[in-house]
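*Asks:* one predicted model, sequence on top.
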Amino acid sequence: MCPSGSGLGVVFAFVCAFEVVFVFAFAVPVAVELWHWTSPRALGYEPFPVPSRKSIANSPPQLERLLEAAASVRERAYAPYSRFKVGAAVLSKSGRIHVGCNVENASYGLTLCAERAAAAAAVAAGDAELTAIAVVTDAGSPAPPCGMCLQTLLELAAPTARVVLKTVRGKRKHYALRELLPHGFGRRFL
Ligand SMILES: [Zn+2]
């Protein structure tokens, strides 16, 4: 504060001058240094751009097609043990859709998730650059891919790729892939 017009004008002028010198000679440089020390690059990782929730939620027609494909292939899921059928569809950069469903096994650990099945189908088709993923289940709320599938998807899709989750009763959630796997392993570590 710099009051003026009082009989102590000289004192206040001195105080004001001190404040200005303090701010520019000390506080500002310290703040700049702290910002550099604590920036993501200084801490050793590259920050991903954060997509706005609004842009993710604006579903283009492709996402509707993607959800329909995931819901359709879900009917073919082989899930005699868990009865938890999952359908997944991935949208490639070329605009093509590839689908997969979960395939369980009597040796439970061999179960293949729908998301990885869809990713493998895209790779097999030579169309592995993915831009969006849809998953449909009959869970009470939209179920995300498991960690193994998220890591697989991160190999083929940008961290900002859309992930649309839906239940058979119509509940939806939209994410960017990096929201579900913010610190995934990648080729930059190799
Ligand atoms: Zn999975």
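*Replies:* Yep, it's here.

*Asks:* give me every residue in the chain lying close to the ion.
*Replies:* Contact residues, the chain versus the ion (CB under 5 Å from the ion): 113, 146, 149. To be clear about C-beta, it is placed using only N, CA and C from the backbone, and glycine gets the same treatment.

*Asks:* out of those, which are buried?
*Replies:* Neighbour counting with 16 or more other CB atoms under 10 Å marks 113, 149 as buried within the residues of the chain next to the ion.

*Asks:* averaged pLDDT, the longest strand along the chain. What do you get?
*Replies:* For the chain, the longest strand by residue count, based on DSSP state E, is strand 157-167. For strand 157-167, mean pLDDT rounds to 97.

*Asks:* who does it touch, helix- and strand-wise?
*Replies:* Counting contacts by 3 or more CB pairs under 8 Å, 6 or more residues apart in numbering; DSSP states H and E, strand 157-167 packs against helix 61-74, strand 130-137, strand 172-176, helix 177-180.

*Asks:* one more time with 6 Å, if that's ok
*Replies:* Counting by 3 or more CB pairs under 6 Å, 6 or more residues apart in numbering; DSSP states H and E, the packing neighbours recorded for strand 157-167 are strand 130-137, strand 172-176, helix 177-180.

*Asks:* partners of the second one in the sheet?
*Replies:* The one in question is strand 172-176. strand 157-167 (antiparallel) (DSSP bridges).

*Asks:* in the helix or strand where Leu150 lies, what counts as buried?
*Replies:* Taking DSSP states H and E as the criterion, Leu150 maps to helix 147-156. By neighbour count on 16+ other CB under 10 Å, the buried set for helix 147-156 is 149-150, 152-154, 156.

*Asks:* may I have it as CSV, with CA atoms only?
*Replies:* Extracted C-alpha coordinates of helix 147-156, given in CSV (Å, rounded to 0.1, in the frame of the first residue of the first chain):
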residue,chain,number,x,y,z
GLY,A,147,-4.1,-51.4,-17.2
MET,A,148,-2.7,-53.9,-19.7
CYS,A,149,-5.1,-52.8,-22.4
LEU,A,150,-4.4,-49.1,-21.7
GLN,A,151,-0.7,-49.7,-22.1
THR,A,152,-1.4,-51.6,-25.4
LEU,A,153,-3.6,-48.8,-26.7
LEU,A,154,-1.0,-46.2,-25.7
GLU,A,155,1.4,-47.9,-28.1
LEU,A,156,-0.9,-47.4,-31.0
